[in-house]
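Colleague: Sequence first, then the predicted structure, then my questions.
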Amino acid sequence: MNLTRAGARLQVLLGHLGRPSAPTIVAQPVSGLASPASFQPEQFQYTLDNNVLTLEQRKFYEENGFLVIKNLVSDDDIQRFRAEFERICREEVKPPGIVIMRDVALTKQDYMPSDRMVSKIQDFQEDEELFRYCLLPEILKYVECFTGPNIMALHGMLINKPPDVGKKTSRHPFHQDLHYFPIRPSNLIVCAWTAMEHIDRNNGCLVVLPGTHKGTLKPHDYPKWEGGVNKMYHGIQDYDPNSPRVHLVMEKGDTVFFHPLLIHGSGRNKTQGFRKAISCHFGSSDCQYIDVSGTSQENIAREVVEMAEKKYGFQGFMDFKDTWIFRSRLVKGERINI
Ligand SMILES: CC(C)CC(=O)SCCNC(=O)CCNC(=O)[C@H](O)C(C)(C)COP(=O)(O)OP(=O)(O)OC[C@H]1O[C@@H](n2cnc3c(N)ncnc32)[C@H](O)[C@@H]1OP(=O)(O)O
Ligand SMILES: Nc1ncnc2c1ncn2[C@@H]1O[C@H](COP(=O)(O)OP(=O)(O)OP(=O)(O)O)[C@@H](O)[C@H]1O
Ligand SMILES: O=C(O)CCC(=O)C(=O)O
Ligand SMILES: [Fe+2]
Ligand SMILES: [Mg+2]
């Protein structure tokens, strides 16, 4: 049975009150004689009751903080996202609000409108063609397992990881996406990230530290990398270098859903191709904005507000929260708080 709206609300409310959500009793596979241990009620913290995830998938996400669904997005859709990305890079269309980023190693080169100059586009919520990604029923079906039925698309990105020019600037340092979001509770936020081609360690796959979603939000800052670091690519300073890493090798259309506290990054692109992925962060509209003053998120809040003031040309009227209000769009259910 699908999670009812009231059920999701209750779960959110209980979350706000700082209580664990109601225990969910799940039938355990029983082999041979049932021992009392087989009937222990199971507590799920990071997933909601739904009939989409198998028990095995649900337990995997609970334990690891991510879940890969193979072959979820069609070749046809990926081709359309690619074509639209190229149109945007060639400046044939200029969707309002879009941010076009270059790799920091290439910023001093003369700009030519070409997809070979672009490392990432962000904030494509006003581009109806790319925003289709955030509306795909096959994506939302899984998103709902984490957010419940009232779903906001918080932030879209198409990442075009460039060939590394030798300075390792194509890497994305280990980070937790929650650092960028003044939104809670974190368990009602999830990222969907879809490989637009075969991605492995050669072209810079996602690298995750399984289970780190169970920890807290860590302080982030620019890594001290000699070759330079891209704007806003904050990283965790004190992650455990011995913590086991999983390199996510993915095929075109495969999609990983991951928790915003999961520590992840991506390695350098050692190929000559531009490695492409499309992603969106989703959150329940039952979430709340938080004030990040006095927290480790103050540094990113300041940077984002400065950037937004520059982009929209007015100063002193916006806070971190407002920059997210601008960008988020309802994709399913009702808009409640955020
Ligand atoms: C969970 C999720 C939210 C996680 C993330 O998204 S992490 C990454 C987030 N990153 C961002 O949001 C970055 C947003 N980017 C931007 O706003 C822009 O691309 C900018 C970096 C400001 C550059 O834009 P724009 O001003 O149009 O470009 P310009 O070519 O005129 O450059 C202005 C000055 O910025 C420098 N710049 C451009 N691109 C980068 C870069 N990638 N890294 C570091 N510095 C950069 C550029 O060299 C120039 O500097 P000056 O020549 O003025 O000293
Ligand atoms: N000093 C660092 N601080 C933070 N993150 C780092 C640092 N060095 C590497 N990383 C991150 O580690 C992850 C992958 O590193 P890893 O060495 O496992 O693979 P790779 O760099 O993709 O491939 P290879 O090691 O084969 O060159 C990336 O997410 C990268 O951004
Ligand atoms: O390299 C990637 O595609 C991952 C990017 C990422 O984690 C992010 O932008 O938050
Ligand atoms: Fe990330
Ligand atoms: Mg490496």
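Modeller: Yep, that arrived. Ligands and ions are numbered 1, 2, ... in the order given.

Colleague: ranges for the strands of the stretch 151-300 of the chain?
Modeller: Secondary structure of the stretch 151-300 of the chain, counting by DSSP state E, counting those that start in this stretch: strands at 151-161, 172-175, 183-184, 189-195, 206-208, 220-221, 235-236, 246-248, 255-258, 264-266, 275-284, 288-289.

Colleague: quick one, which of those is nearest to ligand 2?
Modeller: Of all the strands of the stretch 151-300 of the chain, the one in closest proximity to ligand 2, counting by Cβ to the nearest ligand atom, is strand 264-266 (2.4 Å). (C-beta placed from N, C-alpha, C; glycine too.)

Colleague: chain center to that closest one, what's the gap?
Modeller: 11 Å (Cα atoms, centre = their mean, to the nearest Å).

Colleague: And stretch 264-282, by the same measure?
Modeller: On Cα atoms, centre = their mean, the centre of stretch 264-282 falls 12 Å from the chain's centre.

Colleague: Could you list the buried residues of that stretch?
Modeller: Buried positions in stretch 264-282, judged by neighbour count with 16 or more other Cβ atoms under 10 Å: 264-269, 274-282.

Colleague: Of all pairs in those residues, which one is the farthest apart?
Modeller: Spanning the widest gap among the buried residues of stretch 264-282 are 268 and 282, at 28.4 Å by Cβ to Cβ.

Colleague: one step back: mean pLDDT and distance to residue 110 for the strands of the stretch 151-300 of the chain - can I get that in TSV?
Modeller: Below are the strands of the stretch 151-300 of the chain laid out as TSV (pLDDT from 0 to 100; distance: least, Cβ to Cβ, whole Å):
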stretch	mean pLDDT	distance to residue 110
strand 151-161	98	19
strand 172-175	97	26
strand 183-184	98	39
strand 189-195	99	31
strand 206-208	98	32
strand 220-221	98	31
strand 235-236	98	30
strand 246-248	98	35
strand 255-258	99	36
strand 264-266	98	27
strand 275-284	98	24
strand 288-289	98	41
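
Colleague: Tell me which of those strands sits nearest to residue 113.
Modeller: Closest among the strands of the stretch 151-300 of the chain, once you apply Cβ to Cβ, is strand 151-161, at 13.8 Å.

Colleague: Against which helices or strands is that closest one packed?
Modeller: The contact analysis (3 or more Cβ pairs under 8 Å, 6 or more residues apart in numbering; DSSP states H and E) places strand 151-161 against helix 75-89, strand 120-122, helix 128-135, helix 137-147, strand 275-284, helix 320-327, strand 329-332.

Colleague: Can you tell me which of these is most buried?
Modeller: Of the helices and strands packed on strand 151-161, the one with the most neighbours on average (mean count of other Cβ atoms under 10 Å) is strand 275-284, at a mean of 25.

Colleague: Parallel or antiparallel, list what pairs with it.
Modeller: Note on strand 275-284: by DSSP bridges, its sheet partners are strand 151-161 (antiparallel), strand 189-195 (antiparallel).

Colleague: returning to what we had before: lowest average confidence across the helices and strands packed on strand 151-161, which one?
Modeller: When the helices and strands packed on strand 151-161 are ranked by mean pLDDT, helix 320-327 comes last with a mean of 92.

Colleague: Tell me which residues are up against that one.
Modeller: The contact list for helix 320-327 (Cβ atoms under 8 Å, 6 or more residues apart in numbering) reads 97, 123, 125, 154-155, 181-183, 289, 291-292, 297, 301, 304-305, 308, 338.

Colleague: got the angle between that helix and strand 275-284?
Modeller: Orientation of helix 320-327 against strand 275-284 (axes from the mean of the first three to the mean of the last three Cα atoms, to 10 degrees) gives an angle of 110 degrees.

Colleague: quick one: is helix 320-327 near ligand 1?
Modeller: No - if you take Cβ under 6 Å from any ligand atom as the test, helix 320-327 misses ligand 1, and the best it gets is 9.8 Å.

Colleague: ditto for stretch 148-162
Modeller: Yes - using Cβ under 6 Å from any ligand atom, a contact is recorded between stretch 148-162 and ligand 1, made by residue 155.

Colleague: can I get the strands paired with strand 275-284 in JSON lines with mean neighbour count and distance to residue 314?
Modeller: Shown next, in JSON lines, are these (neighbours: other Cβ atoms under 10 Å; distance: least, Cβ to Cβ, whole Å):
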{"stretch": "strand 151-161", "mean neighbour count": "24", "distance to residue 314": "22"}
{"stretch": "strand 189-195", "mean neighbour count": "25", "distance to residue 314": "28"}
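
Colleague: Minimum distance to ligand 3: which of those has it?
Modeller: For the strands paired with strand 275-284, the distance to ligand 3 is smallest for strand 151-161, at 4.0 Å, taking Cβ to the nearest ligand atom.
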